[in-house]
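# Fold the following, please.
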Amino acid sequence: MALFEALVVVHIITGTTGLIAFWGPIVTRKGASKHRQWGRVACYGFLGAGVLAICMALLSLYGPEQRIPSITDRTLFAGLFGWMMLYLGFLTIGFVDYGLAVVRHARDHTALRRARYQVVIAAVMISGAWCGWFGWKVGHPLMMIVAAIGLVAMALQQRFIWSAAHPRSTYIGEHFRALIGMGISAYTAFLSVGLVRAFPEQVFNPLIWAGPSTIGVGLILYFTVKAKAAKKPAPSRLRPAPQQVRDGLVESE
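Numbering: from 1, shown residues only. Coordinates of the predicted model:
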């Protein structure tokens, strides 16, 4: 189908742009102009790839052609290249949308309760729940794990959105974790859905499915620990305890 092939080409272009630009904000100084420029390129690339992934998933599910005929289990094919691709498309869009919005509304996070943002989160959660159920139905545990990651992420976002006011620094963490999640979902889609089109025999390889999540969670933990260490006050000369002064262990000032 010419339409599907055209979507694949544009999807590859936008997705590759996002996959490459994704590392720019990670290696550049946070808040600097280069950080914001790389971030915008990555976000726009992933937004385009996410929308196109949804379109291709719908064509894989309801299109007239049978895709990747080497995969004889067509129910499993519908799960991986249909429902999971649909979910990953929504998940990528959801992470991008939230990651940008949480900074835009840093002074009033209650703005994230608007229907415009809640609809996107709801689409991610509904498609994720369906993806997880379908994975259970076809006996593919990693499909369920991928769905669970997104559902937990959306639940954490909702907890932040509907809770009381937060310190301003909290928004930076939310922004960071959302855009790392964006990278996880995009790389998972590329490796588990895009790459296996060229190497269908690797469709059940757990390293392909789990790799992006492992690296992404590792990055989140690394930068979280680094940020906490940066907030600690610089060590100062310790003053002797009063008891030590009284006991004559140190000279009093």
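# biggest helix in the chain, by residue count?
Ranked by residue count and defined by DSSP state H, the top helix of the chain is helix 33-62.
# Show me what counts as buried in that one.
Within helix 33-62, the residues that count as buried by 16 or more other CB atoms under 10 Å are 35, 38-39, 41-43, 45-57, 59-60. Heads up, the C-betas are built off the backbone N, CA and C, glycines and all.
# Let me see the ranges of the helices in the protein.
2-21, 23-27, 33-62, 74-77, 84-104, 115-138, 141-162, 168-189, 196-198, 206-231, 242-246.
# Need the winner for burial among the ones you listed.
helix 84-104 (a mean of 25; mean count of other CB atoms under 10 Å).
# how about the nearest residue to the residue nearest to the spatial centre of the chain, chain neighbours excluded?
Closest residue to the average C-alpha location of the chain: Gly181 at 1.5 Å, with CA atoms, centre = their mean. Of all residues not flanking Gly181 in the chain, Phe95 sits nearest, at 4.3 Å (CB to CB, 6 or more residues apart in numbering).
# dump the residue contacts of that neighbour.
By CB atoms under 8 Å, 6 or more residues apart in numbering, the residues touching Phe95 are Ala153, Ala178, Leu179, Gly181, Met182, Ser185.
# What pLDDT does the model give it?
Phe95 carries a pLDDT value of 88.
# go on, Ser236?
For Ser236, pLDDT reads 51.
# same deal with the one 3 residues further on?
With respect to pLDDT, Arg239 has a value of 52.
# swap in Gln37?
Confidence score, pLDDT, at Gln37: 91.
# how about it, what does it touch?
Residues near Gln37 by CB under 8 Å, 6+ apart: Gly24.
# Quick check: the gap between it and Arg29.
Look at Gln37 and Arg29: by CB to CB, to the nearest Å, they are 12 Å apart.
# just checking, Met85 touches Cys55?
No. Using CB atoms under 8 Å, Met85 is not in contact with Cys55, being 9.9 Å away.
# Show me where the protein dips below the pLDDT cut-off.
Applying pLDDT under 70 to the chain flags the ranges 1, 68-71, 166-169, 188-253.
# send the alpha carbons of stretch 13-30 over as PDB?
Provided in PDB are the C-alpha atoms of stretch 13-30 (Å, rounded to 0.1, in the frame of the first residue of the first chain):
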ATOM      1  CA  ILE A  13      12.800  10.500   9.200                       C
ATOM      2  CA  THR A  14      11.000  12.000  12.200                       C
ATOM      3  CA  GLY A  15      11.800   9.200  14.500                       C
ATOM      4  CA  THR A  16      15.500   9.200  13.500                       C
ATOM      5  CA  THR A  17      15.600  12.900  14.100                       C
ATOM      6  CA  GLY A  18      14.200  12.500  17.500                       C
ATOM      7  CA  LEU A  19      16.400   9.500  18.400                       C
ATOM      8  CA  ILE A  20      19.500  11.400  17.600                       C
ATOM      9  CA  ALA A  21      18.500  14.800  19.100                       C
ATOM     10  CA  PHE A  22      17.300  13.100  22.200                       C
ATOM     11  CA  TRP A  23      20.900  12.900  23.500                       C
ATOM     12  CA  GLY A  24      21.500  16.600  23.000                       C
ATOM     13  CA  PRO A  25      19.600  17.800  26.100                       C
ATOM     14  CA  ILE A  26      21.200  15.000  28.200                       C
ATOM     15  CA  VAL A  27      24.800  16.000  27.400                       C
ATOM     16  CA  THR A  28      24.400  19.800  27.300                       C
ATOM     17  CA  ARG A  29      24.100  22.100  30.300                       C
ATOM     18  CA  LYS A  30      20.500  22.100  31.700                       C
END
